[in-house]
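Asker: no sequence on hand, only this structure:
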Ligand code: NAD
């Protein structure tokens, strides 16, 4: 009998997303051909200030097809940055964007696409997965708003593992656990499908196997390729399903308290999963297989984070204990599907456990 990884059985609706993926060490060299295939002649290259040299290298490789470079991508896409990027794209007469970097660079490209419908070619250098989704985010007055729009889904994605070799070990670990969180929630999503669940399971397996090897030898491109492959799969699961409690918690913690994105996902995931896995046996079984037969996937991920030297408490990310109450109220106030019913008391307990870094449990705070 086939192993059905969804909670719903064999009844689903699946929308394939239109996108071309080029994957492999050295695939960056094919970027000019990718532009030609899309008929793009004047692209704006977008990156974060810290990655200006990489952005410049990409612009140089594109020659006069690069209309300019914008090294202004920062976390959570502030509205002013989105506005000034849109103006820059208009001034330069750009006909597309090439984003080089993680979720911040892709996020700025998406903000331009949302306004001007310009196609995006993404060249990801972290494992966050935004390149695989039609989800955009914009932050104004300290509040992050997100939405879905097919115009912001990149037209092409060029995954070159050699570009991730410079990603520091700490960031590699937290970025990869951010990707794993997408797959975890895709497995118990209200709109889970068997094919996406296969990708989720394989993605978690690829990433969790690659991570200890990357910690030991960050410049090994074979391990980097395996992690980027896992990140592609996990990103695709994020693009195809609706996220639940874990992502709502991280959205509130990141948006309201400005906690760092990937690190927050890393700390929260074992707690959200320990709470949800008791109500999602199909997801738990898939994760157990992906994690080499672990009986308790949440505990296994918590232990893995320790072995990888990742942060394990919200207090070490700078959250004050007094903020637990308002974040819990915010999360309970959102409307979203979740495999297990939530209430204020259990979310307060979950956040208290995560704040302290105590062992994750199905009935938090008890
Ligand atoms: P990031 O893009 O902010 O990058 C983090 C830091 O790492 C930056 O300083 C960057 O310059 C540096 N960096 C990136 N790649 C590097 C490399 N190869 N070598 C050296 N340094 C490198 O971080 P992120 O975690 O990729 O993205 C987080 C943002 O993406 C958040 O705003 C989050 O909300 C968003 N996001 C959106 C989606 C979506 O579907 N819309 C999905 C995931 C994340």
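Answerer: Now that the structure is in, tell me what you want to look at. For clarity, every value in this text was computed on a predicted model and none was experimentally measured.

Asker: for residue 223, give me its contacts.
Answerer: With contacts defined as CB atoms under 8 Å, 6 or more residues apart in numbering, the neighbours of residue 223 are 210, 213, 214, 217. For the C-beta atoms, the positions are set from N, CA and C on the backbone; glycine is no exception.

Asker: nearest spatial neighbour of it, skipping sequence neighbours?
Answerer: residue 213 (4.2 Å; CB to CB, 6 or more residues apart in numbering).

Asker: center of the protein - which residue?
Answerer: Nearest to the mean C-alpha position of the chain, by CA atoms, centre = their mean, lies residue 128 at 3.2 Å.

Asker: tell me the contacts of that one?
Answerer: Applying CB under 8 Å, 6+ apart, the residues contacting residue 128 are 102, 103, 175, 178, 179, 231, 235, 261, 262.

Asker: one more: residue 241?
Answerer: Neighbours of residue 241 in contact, by CB under 8 Å, 6+ apart: 185, 186, 189, 191, 192, 193, 196.

Asker: just the buried residues from those residues, in ChimeraX please.
Answerer: Buried members of these, defined by 16 or more other CB atoms under 10 Å, are picked up in ChimeraX with:
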select :185,186,189,191,192,193,196
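
Asker: how far does stretch 39-49 stretch from start to finish?
Answerer: 28 Å (CA to CA, to the nearest Å).

Asker: returning to that earlier point: possible to save the contacts of residue 128 as CSV with pLDDT?
Answerer: Converted to CSV, these look like this (pLDDT from 0 to 100):
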residue, pLDDT
102, 97
103, 96
175, 98
178, 98
179, 98
231, 98
235, 97
261, 94
262, 97
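
Asker: which bits of the chain sit near the ligand?
Answerer: Neighbours of the ligand within the chain, by CB under 6 Å from any ligand atom: 48, 50-51, 75-76, 101-105, 107, 125-126, 128-130, 133, 135, 137, 163-164, 166-167, 171, 175, 238, 261-262.

Asker: just the pLDDT at the residue lying closest to residue 28 once chain neighbours are set aside, thanks.
Answerer: Leaving aside its sequence neighbours, residue 28 sits nearest to residue 160 (CB to CB, 6+ apart; 4.3 Å). Listed pLDDT for residue 160 reads 97.

Asker: against the ligand, how distant is residue 160?
Answerer: Noted for residue 160: a distance of 10 Å to the ligand, by CB to the nearest ligand atom, to the nearest Å.

Asker: what's around that residue, how many residues?
Answerer: 24 (other CB atoms under 10 Å).

Asker: thinking again about what came up before, and the contacts of residue 223, which is closest to the ligand?
Answerer: residue 214 (12.2 Å; CB to the nearest ligand atom).

Asker: in a strand, residue 97, correct?
Answerer: Yes - assigned with DSSP: H, G, I helix; E, B strand; the rest coil, residue 97 falls within a strand.

Asker: how many neighbours does it have?
Answerer: 29.

Asker: so what's it closest to, chain neighbours aside?
Answerer: residue 109 (4.3 Å).

Asker: part of a strand, is that neighbour?
Answerer: No - using three-state DSSP, the assignment for residue 109 is helix, not a strand.

Asker: how near is it to residue 85?
Answerer: 8 Å (CB to CB, to the nearest Å).

Asker: repeat for residue 60
Answerer: Relative to residue 85, and taking CB to CB, residue 60 is found at 21 Å.
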